[in-house]
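> Please work out how this folds:
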Amino acid sequence: MIQVQSNGGTVSAATHSSHLEARVVPLLVVGLYVSTIAIPRIIGAGGAVRTKLVLEALLFGAALGGIGLVLFCRGRVQFDRTYQGIAAVFGATVLLSTVALVVGLLRGYPTGDVFGDYYKFIIPAATVTLVYAVADSSEQLETALAVAFRIGLLLIASVLTLYVTGVLGLNDRPRFIYQFPILIVLGYWQYRQGDPVARYGFPFLVVATLPLVGYSQSLSLLLQTLLTAVLAVTYARFNSPRELAVGGGVVAVVGVIGGGLLLLAATQLSSAQWREYGYLGSKMVALVGDYTLYERLIVLGGSRAAEPFGVLARIDGGLLELLVGSGMGSTFMVSSPFGSPRWIGEDHFVHAGLWEAVLRTGLLGGLAYLGVVVSYIYVGWKVSGDSYLGALAAANASTTLLFAPLVGKLLGPQFFSYALFAYALVRWGELRDCSEKLATTSDT
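The predicted structure is shown next:
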């Protein structure tokens, strides 16, 4: 699958395992995860947010640099040609991002914002490529993900403790709680493997789901947790396109029924009664209040529901800007249909990765971003019958795709999405190698 150019010729990457202990690669990959959680940050809170983002970016870049250094010491890496389509999608993203970087600099946007945005856009391709290249086997990435699960379990337990003791208040959301949907499926995978930590950790995460949602007041966390778990099971159990279509149809029907029941339950309380349940209750007002459809979206989704309109209006400056975007570091206008909005005006931050891609890199960049997401789903699905981690990779990307209009990003420093995709790429190559060897053996 991966070959390395050495002094005298091309040799298998496996021959270099003697020069790099098996535990080193998992530690390098876990280092990426640690870099994303080393700087505590509450979403929406003040307190030197820009400084924390810069430090987080530097730590993540340093972790990637460590992996790159190992690859440099190994020699030249040759990648599987089967992945040329995926490489083309990543290449298009990097190319369009570089064009947007030039546009942002020429337009005089703040330099920090320009390079910060560019960093976010190239990180996915860089991370997946380096993690895929450094892994000698899928087992090494399985080990790294197992270690990351243990660390994540401790973080969730710590956060719940801070909520219960009142150190964190309602609607205070540490950034890493949005790893919870992946952690709970990882916990299930570890539980099935007979892991002693997951024996107690997975049930704990199941029980912790509602308290975590209640304290964080995050409806999207609840929906993403449920959807990721259901989709992971669907991808793992249904492997052929026909089976997947049937399984997906069943999931869709159950989702519609569940949504109807939720709407029915919501109508049992008035708007005033729902507001007594805090921020999360105020979101439910969107289902029972006297609003237009657009107003309901604003009440339910906040500023993120208005962002698509602001982004599309921002790039409406001619065909070229529509295609390649307004550049890195650009801003857009956020508006509200209500008389006394909590947010209105010019903004740089975009909640959803899709709309950020459209804003910075245009419709072409938006299509490239969707292409990356679809690649995640496809590769994860190809190995989902062999591994729950592949099913989780596909489920996580599918959730990102389904929530693309409002939330979810495959941009910037993050760990699980990129590591799972790299794992699926490595595992897919291993499965193809096994199939080819079996075919060769049967022929002889």
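
> how about residue 77, secondary structure?
strand (DSSP: H, G, I helix; E, B strand; the rest coil).

> Pretty sure it sits against residue 135.
No - the pair residue 77 / residue 135 is not scored as a contact, 11.1 Å apart, by C-beta atoms under 8 Å. (Glycine included, C-beta is placed from N, CA and C.)

> Neighbour count: the two, which is higher?
Between residue 77 and residue 135, counted using other C-beta atoms under 10 Å, the more crowded position is residue 135 (27 against 17).

> Torsion angles phi and psi at that one?
Note on residue 135: backbone dihedrals following degrees, to the nearest 10 are phi -80, psi 120.

> gap between it and residue 25?
In this view, residue 135 and residue 25 are 6 Å apart by C-beta to C-beta, to the nearest Å.

> and if you look at residue 215?
Residue 215 is 37 Å from residue 25, by C-beta to C-beta.

> where are the low-confidence patches of the stretch 101-250 of the chain?
Across the stretch 101-250 of the chain, the ranges flagged by pLDDT under 70 are 243-244, 246-248.

> In it, what residue spans correspond to strands?
Counting by DSSP state E, counting those that start in this stretch, the stretch 101-250 of the chain forms no strands at all.

> Which parts of it are helices?
111-134, 138-164, 180-192, 196-216, 219-237, 241-266 (DSSP state H, counting those that start in this stretch).

> mind exporting the shortest one as PDB, just the C-alpha atoms?
In other words, helix 180-192. Below are the C-alpha coordinates for helix 180-192, written out as PDB (Å, rounded to 0.1, in the frame of the first residue of the first chain):
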ATOM      1  CA  PHE A 180     -19.100  13.200  22.400                       C
ATOM      2  CA  PRO A 181     -21.000  11.700  19.400                       C
ATOM      3  CA  ILE A 182     -17.800  10.100  18.200                       C
ATOM      4  CA  LEU A 183     -16.600   9.100  21.700                       C
ATOM      5  CA  ILE A 184     -19.800   7.200  22.500                       C
ATOM      6  CA  VAL A 185     -19.500   5.100  19.300                       C
ATOM      7  CA  LEU A 186     -15.800   4.600  20.000                       C
ATOM      8  CA  GLY A 187     -16.800   3.400  23.400                       C
ATOM      9  CA  TYR A 188     -19.200   0.900  21.900                       C
ATOM     10  CA  TRP A 189     -16.400  -0.400  19.600                       C
ATOM     11  CA  GLN A 190     -14.100  -0.700  22.600                       C
ATOM     12  CA  TYR A 191     -16.800  -2.400  24.600                       C
ATOM     13  CA  ARG A 192     -17.300  -5.000  21.900                       C
END
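
> Could you list every helix and strand in contact with that helix?
When contacts are defined as 3 or more C-beta pairs under 8 Å, 6 or more residues apart in numbering; DSSP states H and E, helix 180-192 packs onto helix 138-164, helix 196-216, helix 219-237, helix 388-402.

> go again using 10 Å as the cut-off
Applying 3 or more C-beta pairs under 10 Å, 6 or more residues apart in numbering; DSSP states H and E, we find helix 180-192 packed against helix 138-164, helix 196-216, helix 219-237, helix 388-402, helix 416-443.

> Would you mind finding the most buried of the ones you listed?
Highest mean neighbour count among the helices and strands packed on helix 180-192 (mean count of other C-beta atoms under 10 Å): helix 388-402, with a mean of 25.

> I'd like the average pLDDT over that helix.
In this model, helix 388-402 has an average pLDDT of 91.

> quick one: that helix to helix 180-192, angle?
Angular relation of helix 388-402 and helix 180-192 on a 0 to 180 degree scale: 160 degrees, by axes from the mean of the first three to the mean of the last three C-alpha atoms, to 10 degrees.

> Please tell me I have it right and residue 217 contacts residue 177.
No - at 11.2 Å, residue 217 does not count as touching residue 177 under the criterion of C-beta atoms under 10 Å.

> The two: which is more packed in?
Taking other C-beta under 10 Å, residue 217 and residue 177 do not tie; residue 177 has more neighbours (22 against 19).

> where's residue 38 relative to residue 413, distance?
11 Å.

> between these two, which one's more packed in?
Higher neighbour count among residue 38 and residue 413: residue 413, with 22 against 12, using other C-beta under 10 Å.

> Just say helix, strand or coil for that one.
At residue 413, secondary structure determined by three-state DSSP is coil.

> ok, residue 26 to residue 413 distance?
From residue 26 to residue 413 the distance is 19 Å (C-beta to C-beta).

> Pull the contacting residues for the residue nearest to residue 201 when sequence neighbours are not counted.
Leaving aside its chain neighbours, residue 201 sits nearest to residue 153 (4.7 Å; criterion: C-beta to C-beta, 6 or more residues apart in numbering). Neighbouring residues of residue 153 by C-beta atoms under 10 Å, 6 or more residues apart in numbering: 183-184, 186-187, 190, 197-198, 200-202, 204-205, 208.

> before we move on, what about residue 300?
Going by C-beta under 10 Å, 6+ apart, residue 300 touches 219, 282, 283, 284, 285, 286, 287, 291, 406.

> buried ones in the strand or helix carrying the fourth one?
Spelled out, that is residue 284. Per DSSP states H and E: residue 284 is located in helix 278-288. For helix 278-288, a neighbour-count test (16 or more other C-beta atoms under 10 Å) marks 280, 282, 283, 284, 285, 286, 287, 288 as buried.

> between those residues, which is nearest residue 328?
Lowest distance from residue 328 to those (C-beta to C-beta) belongs to residue 283, with 32.3 Å.
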